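In: Got a predicted structure plus its sequence, pasted below:
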Amino acid sequence: MPKSTPQLDPERHAAFLIVALANKISASASRAYTRRFGVGVMEWRVLAMVARDPGTTAVQVGQLSGVDKSSVSRAAQSLIRRGYMTAVEDAADNRRSFLELTPLGQALHDKVILASLEREARLLDGFSGPEREALVNLLARLSANMALVQAEGEDDG
């Protein structure tokens with residue numbers, strides 16, 4: 001008997017493919033970074049965002065990376081406890097802290113970024129320069145379209 005409702009084709013559904021790939025990349029990176037550098041992928045994301053924008057907040061890191069604030073806060077607290085980062089309380093709003101890398105954190109970042117770029121190069125192996133540029137541009141457009149999805153309350157992928 002034929003099915004009356006559409007079925008998800010995991011090989012052709014963009015959101016499924018993106019999420020599955022992101023999960024695989026994240027899990028693999030977490031294993032590699034934990035083994036080599038003693039930090040998981042969430043800690044690495046926080047390190048990378050704070051290195052890029054010193055003085056950013058956990059909320060801002062979460063918004064940019066699409067990760068909930070509590071996960072970012074836990075990763076930041078771990079990095080602070082281990083001496084990789086400091087948090088300076090906002091004098092105007094004591095619920096917010098500005099994150100900064102310590103020299104130890106900057107040194108860790110400088111090691112992990114090289115591994116991260118090597119992993120990205122392997123992921124994009126076989127893609128030409130123009131294909132890489134097109135992929136990044138398409139991903140940026142998809143990211144921008146999330147505002148349309150979220151506006152309709154359909155952010156469940």
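Out: Cool, the structure landed.

In: surely residue 89 meets residue 99?
Out: No. Using CB atoms under 8 Å, residue 89 is not in contact with residue 99, being 11.2 Å away. Bear in mind the C-beta positions are built from the backbone N, C-alpha and C, glycine included.

In: Settle it for me: which of the two has more neighbours?
Out: Remark: of residue 89 and residue 99, residue 99 carries more neighbours, 25 against 11, as counted by other CB atoms under 10 Å.

In: Helix, strand, or coil at the residue lying closest to the more buried one once chain neighbours are set aside?
Out: Closest residue to residue 99 apart from its sequence neighbours, by CB to CB, 6 or more residues apart in numbering: residue 50 at 4.7 Å. Classification of residue 50 using DSSP: H, G, I helix; E, B strand; the rest coil returns helix.

In: ditto for residue 83
Out: Residue 83 falls in the coil class when you classify it by three-state DSSP.

In: Going along the chain, name the helices of this protein.
Out: Residue ranges of the helices in the chain, as given by DSSP state H, are 14-37, 41-52, 58-65, 69-81, 103-123, 129-151.

In: got a markdown table for the ones you listed, with mean neighbour count too?
Out: Listed next are the helices of the chain as a markdown table, based on neighbours: other CB atoms under 10 Å:
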| stretch | mean neighbour count |
| --- | --- |
| helix 14-37 | 13 |
| helix 41-52 | 22 |
| helix 58-65 | 18 |
| helix 69-81 | 18 |
| helix 103-123 | 14 |
| helix 129-151 | 10 |
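
In: With distance to residue 4 and mean pLDDT as extra columns, can I get these in TSV?
Out: Below are the helices of the chain laid out as TSV (distance: least, CB to CB, whole Å; pLDDT from 0 to 100):
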stretch	distance to residue 4	mean pLDDT
helix 14-37	21	95
helix 41-52	41	96
helix 58-65	39	92
helix 69-81	39	95
helix 103-123	39	97
helix 129-151	26	93
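
In: hang on, isn't residue 69 packed against residue 62?
Out: Yes. Using CB under 8 Å as the test, residue 69 is close enough to residue 62 to be in contact (4.5 Å).
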